[in-house]
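**Student:** just to be clear, the model below is a prediction. Sequence and coordinates:
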Amino acid sequence: MSWESSQLYYQLINSEVRQRLGGLHSAKLLMYSVDFAPIEKLQHDGDWEAAAQILVDAAYRIEAGGADFFLIGTNTMHRVADVVNAAVDIPLLHIADATAQVLKQEGVERVGLLGTAFTMELDFYRDRITGDHGIEVVVPEMHDRQMVHDIIYQELCQGQIEPESREVYLAIIDRLREQHIDGVILGCTEIGLLLQQQHTDIKLYDSTAIHASQAVAMAIESN
C-alpha cells in the first residue's frame with residue numbers, strides 16, 4: 001500500500017500487457033493511491049473498521065471511473081477485503097486466491113509465509129489459503145515475525161533496500177525450511193523489492209508479481 005509497491009504494480013502490469021499484446025500497447029487502468037500514513041496508524045491501533053472505510057471510498061471511485069474489476073494492492077489490507085468488495089458491484093481479484101492458484105498449479109502442499117505481523121498472525125490470509133485451497137501455511141516464530149514486520153514498515157515502505165535486511169530474511173527462510181516447506185510466499189507487496197529468486201534456491205512466490213499477472217490475464221480474457 002506504500003507508493004513503493006504501487007509503482008511496482010504499475011510497472012508489472014504494463015510490462016505484461018506489452019509482452020502479451022506487443023507494439024505500443026499498455027494497460028487501461030485506474031489507480032487510486034492512498035496516503036499510507038493514516039492507514040498504517042489505524043492498522044497498529046487495531047481500528048480496521050476505519051481503515052476499511054478509506055478503501056471503500058477508494059473502491060467507489062474506481063468503480064465510478066469505469067473499471068470492470070479491482071485489486072487491493074496490499075496483502076495486509078485484505079483483512080477488510082470482504083467489506084470493501086461488498087460495497088461495490090464490480091468483483092475483487094483477491095491476492096490470496098491469485099497466489100493460491102499458482103501454488104496449486106505447481107503442486108505446492110506446504111508453504112512458508114512472510115508478510116506483516118497482521119498477515120502472518122491473523123487468520124484472514126492463512127485460513128483463506130488453507131481453507132479455500134487446501135494448502136498448509138507455515139509462519140516464522142514470533143521473534144522472526146517481528147523482524148520481518150519491522151523491516152517492512154521501517155525500511156521497505158520507505159524505499160530503503162538494505163543488504164543486511166535481505167540476509168535477515170534469508171536466515172528466517174532457512175529456519176522455515178526446517179519445517180519441510182515447498183516454497184515461500186512473499187506475502188507483502190514490498191518484500192519483492194528486497195528479495196528475489198536469485199537470492200535463494202527455494203521457490204519464492206511473489207504475491208505482487210502474481211497478482212499483477214493475473215490482473216492482466218483477467219482483463220484480457222474479459223475483453
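**Tutor:** Arrived safely.

**Student:** neighbours of residue 22, just the number please.
**Tutor:** Residue 22 is flanked by 8 other residues according to other C-beta atoms under 10 Å. The C-beta positions use only the backbone N, C-alpha and C, and glycine is treated the same way.

**Student:** and it, how close does it get to residue 16?
**Tutor:** Per C-beta to C-beta, to the nearest Å, residue 22 is found 12 Å from residue 16.

**Student:** with residue 3 instead?
**Tutor:** Residue 3 sits at a distance of 20 Å from residue 16 (criterion: C-beta to C-beta).

**Student:** neighbour count winner among those two?
**Tutor:** residue 16 (20 against 14).

**Student:** OK, contacts around the more buried one?
**Tutor:** Residue 16 makes contact with 212, 213, 216, according to C-beta atoms under 8 Å, 6 or more residues apart in numbering.

**Student:** helices and strands around whichever helix or strand residue 55 is part of, which ones?
**Tutor:** Per DSSP states H and E, residue 55 falls inside helix 48-64. Secondary-structure packing of helix 48-64 (3 or more C-beta pairs under 8 Å, 6 or more residues apart in numbering; DSSP states H and E): helix 36-45, helix 81-86.

**Student:** angle of that helix against helix 36-45?
**Tutor:** 140 degrees (axes from the mean of the first three to the mean of the last three C-alpha atoms, to 10 degrees).

**Student:** what's the mean pLDDT across helix 48-64?
**Tutor:** Helix 48-64 comes out with an average pLDDT of 97.

**Student:** give me the buried positions along that helix.
**Tutor:** 48, 51, 52, 53, 54, 55, 56, 58, 59, 62, 63 (16 or more other C-beta atoms under 10 Å).

**Student:** try stretch 163-177
**Tutor:** 165, 166, 168, 169, 172, 173, 176.

**Student:** with these in mind, which one is nearest to residue 109?
**Tutor:** residue 176 (14.7 Å; C-beta to C-beta).

**Student:** may I have the phi/psi pair for residue 159?
**Tutor:** With angles defined as degrees, to the nearest 10, residue 159 sits at phi 80, psi 20.

**Student:** next up, the contacts around it.
**Tutor:** Shown in contact with residue 159 (C-beta under 8 Å, 6+ apart): residue 4.

**Student:** can you give me the helices in this structure?
**Tutor:** Along the chain, counting by DSSP state H, helices occupy 3-21, 36-45, 48-64, 81-86, 95-105, 117-121, 123-127, 133, 142-154, 163-177, 207-222.

**Student:** of these, which is nearest residue 184?
**Tutor:** Per C-beta to C-beta, nearest to residue 184 of those: helix 163-177, 5.7 Å.

**Student:** that closest one packs against which elements?
**Tutor:** strand 110-114, helix 142-154.

**Student:** ok, the shortest one: who's next to it in the sheet?
**Tutor:** Looking at strand 110-114 with DSSP bridges, its partner strands are strand 136-138 (parallel), strand 183-186 (parallel).

**Student:** pLDDT on it, on average?
**Tutor:** Mean pLDDT, strand 110-114: 98.

**Student:** do the longest one as well
**Tutor:** Across helix 142-154, pLDDT averages out at 97.
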